[in-house]
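> Quick one, what's the 3D model for this:
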Amino acid sequence: MEVFFEVREVPGLKKKPSTSELLDWLKLLLAEDIPPDALRSKDRKTIIPPLHGALLKNEQDVHLFERLVFMTRAKGG
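I've put the predicted structure just below:
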């Protein structure tokens, strides 16, 4: 749930993920057998969550999210 709410807080998203995207993402995580540890990180701002595209409603938001994570990484967190 923390990852979901953090993605919702990303500035500039055209459409924030809703319950529908959360449910789709959870189903994918289970189907792909993604371990809970893959969602835990000391600094989530520099980690892209697994299957993050399922949380975002359009490709433009996916690219924005990825750019922001990579920019944060480049700045050192």
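> For the nearest residue to I48 once chain neighbours are set aside, grab the count of nearby residues.
In space, and not counting its chain neighbours, I48 is closest to V69: 5.2 Å by CB to CB, 6 or more residues apart in numbering. All C-beta spots, glycine's among them, are computed from the backbone N, C-alpha and C. Here the number of neighbours of V69 (other CB atoms under 10 Å) works out to 18.
> and V69, what element?
Assessed by DSSP states H and E, V69 sits inside helix 59-74.
> so where's the chain uncertain?
Residues of the chain meeting the criterion pLDDT under 70: 41-46, 77.
> tell me the centre residue of it?
H52 (4.2 Å; CA atoms, centre = their mean).
> how about the closest residue to that one other than its chain neighbours, what does it touch?
With sequence-adjacent residues excluded and distances taken as CB to CB, 6+ apart, H52 is closest to F65, at 6.6 Å. Contacts here follow CB atoms under 8 Å, 6 or more residues apart in numbering; on that basis F65 touches 7, 10, 13, 48, 52, 56.
> Now the two most distant members of those.
L13 and I48 (14.8 Å; CB to CB).
> Between these two, which is the more surrounded one?
L13 (19 against 15).
> State the distance from that one to I34.
Between L13 and I34 the computed distance is 23 Å (CB to CB, to the nearest Å).
> can you give me the helices in this structure?
All helices of the chain, identified by DSSP state H, fall at 2-8, 19-31, 59-74.
> Would you reformat those helices as JSON lines and include distance to R40?
JSON lines is the format used below for the helices of the chain (distance: least, CB to CB, whole Å):
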{"stretch": "helix 2-8", "distance to R40": "9"}
{"stretch": "helix 19-31", "distance to R40": "13"}
{"stretch": "helix 59-74", "distance to R40": "16"}
